[in-house]
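S.K.: Provide a 3D model corresponding to the input given below.
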Amino acid sequence: MNLDYSDDDRQFRERARTWLSENVPREARPPESQGQAAAAFDQAWQRCLYEGGFAGINWPKDFGGLGLTGIQQIIWFEEVARAKAPHPGAMSIALNHAGPTLIVRGNTQQKSEYLLPILRGETIWCQGFSEPGAGSDLAALSTRGEIDGDHLVVNGQKMWTSNAHHARYQELLIRTDPTSKRHHGLTWVICDMQTPGIQIHPIKNMMGERHVNTLFYDDVRIPLENVVGGVGEGWSVAMSTLSFERGTYFVPEQISLLDKIEQLTAMACKVRLEHGKLAIEDDHIIARLAQLKAQALALQAMTITTVGSLARQAQPGPEGSIVKLFVTTTYKAIAQLAADIIGWDFLEYGDDRTSNRWTYEFMWSWVLTIAGGSSEIQREIIADRILGLPRAR
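M.R.: Numbers count the residues shown, from 1 in each chain. Reported below is the predicted structural model:
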């Protein structure tokens, strides 16, 4: 692919930079502890993007997007990071999972009904994949859906469901063939979270936030018209979802890493270590900062490669697992270095990220090693589907 910016690219960057400078909210996003206020903030920001002409940068025009190039998507993420604009937050699953999956696997009616409300910030989605006995091993899921006339009747449990308490819809993976095993006999359905029979129970994370939940389904009736890709084709559709999650979902995180390293370097110029030296004068600290900068630049090259592959195919391939793994390990290393520079004060932490931003980043870095498939699973995918190595036993 051509890595030079075209005149259109440069004009888009200038237009995005100008718009963001005029429209980024001045107030901070409310903390998760304030419940609905945080989700409402995310929806309002997405609505602002839509009205400003910056929603769905690389979504096809037929579905309400701008139909721009992958390079312009990266430019947008760069300008968002530069302007310190809000993250999609509660809108992330809708924008980065559900929407792209429906674009490549949904039928005409599903695309017409669900895609535009996502871009307008009207509908929050959540993901119903993981279960108590099927987290990283997704093929072991047991939540079942029995066909009853023109409905599926769903019973079972899901775990670690982000923003389920705010969501209107859920991308739900169930087992519709009771005799099937592993990845056979699964079905991907759109579940209206207002359907009777769904119970949502919060799980607080180590930062004290209610972000994830456990869900129980008791005779939940879902219309068969909500099946995406066909009954029994759920594994294939789920792989589409996960390819977007691992291939493009973490691109904004990757772009933000260079900024985090710059902030860490600035802090190292001010903080003195126990032996009295400034952190930036310590050879070991300097070497670690240099290594992190090199990793972030390598990730930048990986991102361009991912964008190049998307220009040739409808969805990311297994190479997205490399990006996901490298992003999370680099993020974790940045947070660990921050802890080593700050010292004992790093342990000071209140009930939200403003009390010690780096402590929050450290705890969040551990979440990232699990979210979207654990680091161990990413290594398995890389070994099996990219390197062709024998499967672990």
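S.K.: For the closest residue to Phe326 other than its chain neighbours, which residues are in contact?
M.R.: Leaving out its chain neighbours, the residue that sits closest to Phe326 by CB to CB, 6 or more residues apart in numbering is Leu299, at 5.6 Å. Every C-beta, even on glycine, is put in place using the N, C-alpha and C of the backbone. Applying CB atoms under 8 Å, 6 or more residues apart in numbering to Leu299 gives the contacts 254, 257, 323, 326-327, 330.
S.K.: Could you tell me the per-residue confidence at Leu299?
M.R.: The per-residue pLDDT reported for Leu299 equals 83.
S.K.: Checking Glu122 next. Helix, strand or coil?
M.R.: At Glu122 the chain is in coil, as set by DSSP: H, G, I helix; E, B strand; the rest coil.
S.K.: Now do stretch 54-66, average pLDDT.
M.R.: For stretch 54-66, the per-residue pLDDT averages 91.
S.K.: Endpoints of it, how far apart?
M.R.: Terminal residues of stretch 54-66 are spaced 8 Å apart (CA to CA, to the nearest Å).
S.K.: for stretch 200-216, same thing?
M.R.: Termini of stretch 200-216 sit 7 Å apart (CA to CA).
S.K.: If you count neighbours, what's buried in that stretch?
M.R.: 200, 207, 209, 211-215 (16 or more other CB atoms under 10 Å).
S.K.: Please apply the same query to stretch 31-42.
M.R.: 31-32, 38-42.
S.K.: before we move on, what about stretch 61-77?
M.R.: Buried, per 16+ other CB under 10 Å, within stretch 61-77: 63-66, 68-77.
S.K.: Could you save the contacts of Leu299 as TSV and add columns showing neighbour count and secondary structure?
M.R.: Shown next, in TSV, are the contacts of Leu299 (neighbours: other CB atoms under 10 Å; DSSP: H, G, I helix; E, B strand; the rest coil):
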residue	neighbour count	secondary structure
Gln254	23	helix
Leu257	23	helix
Val323	24	helix
Phe326	20	helix
Val327	27	helix
Thr330	23	helix
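S.K.: packing partners for the helix or strand in which Glu171 is found?
M.R.: Using DSSP states H and E, Glu171 falls within strand 169-175. Using 3 or more CB pairs under 8 Å, 6 or more residues apart in numbering; DSSP states H and E as the contact test, the elements touching strand 169-175 are strand 125-128, strand 144-148, strand 151-158, strand 186-192, helix 234-247.
S.K.: Now do the fourth one and strand 151-158, the angle between them.
M.R.: This points to strand 186-192. Per axes from the mean of the first three to the mean of the last three CA atoms, to 10 degrees, the angle that strand 186-192 makes with strand 151-158 is 90 degrees.
S.K.: If you count contacts, what does strand 186-192 end up packed against?
M.R.: strand 151-158, strand 169-175, strand 210-223, strand 227-228, helix 234-247.
S.K.: Just tell me which of these ends up closest to Leu264.
M.R.: strand 210-223 (24.9 Å; CB to CB).
S.K.: Show me what that closest one is packed against.
M.R.: strand 151-158, strand 186-192, strand 198-204.
S.K.: 7 Å instead, please
M.R.: strand 151-158, strand 198-204 (3 or more CB pairs under 7 Å, 6 or more residues apart in numbering; DSSP states H and E).
S.K.: Which residues does the shortest one contact?
M.R.: With contacts defined as CB atoms under 7 Å, 6 or more residues apart in numbering, strand 198-204 is touched by 164-165, 210, 212-217, 220.
S.K.: Closest one to Ser375 out of the residues you listed, please.
M.R.: Val212 (18.2 Å).
S.K.: before we move on, the earlier item: out of the buried residues of stretch 61-77, name the ones that lie in helices.
M.R.: 70-77 (DSSP state H).
S.K.: domains of this protein?
M.R.: 7-87, 126-232, 250-386 (automatic domain parsing).
S.K.: how about JSON lines for the ones you listed, with distance to Gln110 added?
M.R.: As requested, these are exported to JSON lines (distance: least, CB to CB, whole Å):
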{"stretch": "domain 7-87", "distance to Gln110": "11"}
{"stretch": "domain 126-232", "distance to Gln110": "6"}
{"stretch": "domain 250-386", "distance to Gln110": "16"}
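S.K.: Quick check: which of those domains is nearest to Ser112?
M.R.: Among the domains of the chain, domain 7-87 sits nearest to Ser112 (CB to CB), with 8.8 Å.
S.K.: Straight-line length of the closest one, end to end?
M.R.: OK, domain 7-87 end separation, CA to CA: 28 Å.
S.K.: quick revisit: from the buried residues of stretch 200-216, which is closest to Ala294?
M.R.: When the buried residues of stretch 200-216 are compared against Ala294 (criterion: CB to CB), the nearest one is Met207, at 29.5 Å.
S.K.: Next one: the closest one relative to Pro31, how far apart?
M.R.: Distance of Met207 to Pro31, given as CB to CB, to the nearest Å: 10 Å.
S.K.: thinking again about what came up before, quick one: which of the domains of the chain has the weakest pLDDT on average?
M.R.: Among the domains of the chain, domain 250-386 carries the lowest mean pLDDT (a mean of 80).
S.K.: And the contacts of strand 198-204, which is closest to Glu171?
M.R.: Looking across the contacts of strand 198-204 and measuring by CB to CB, the closest to Glu171 is Ala164, at 11.5 Å.
S.K.: Pull the distance from the biggest helix by length in the chain to the chain's centre.
M.R.: Of all segments of type helix in the chain, defined using DSSP H, the longest is helix 283-310. Here helix 283-310 is found 19 Å from its chain centre; the criterion is CA atoms, centre = their mean, to the nearest Å.
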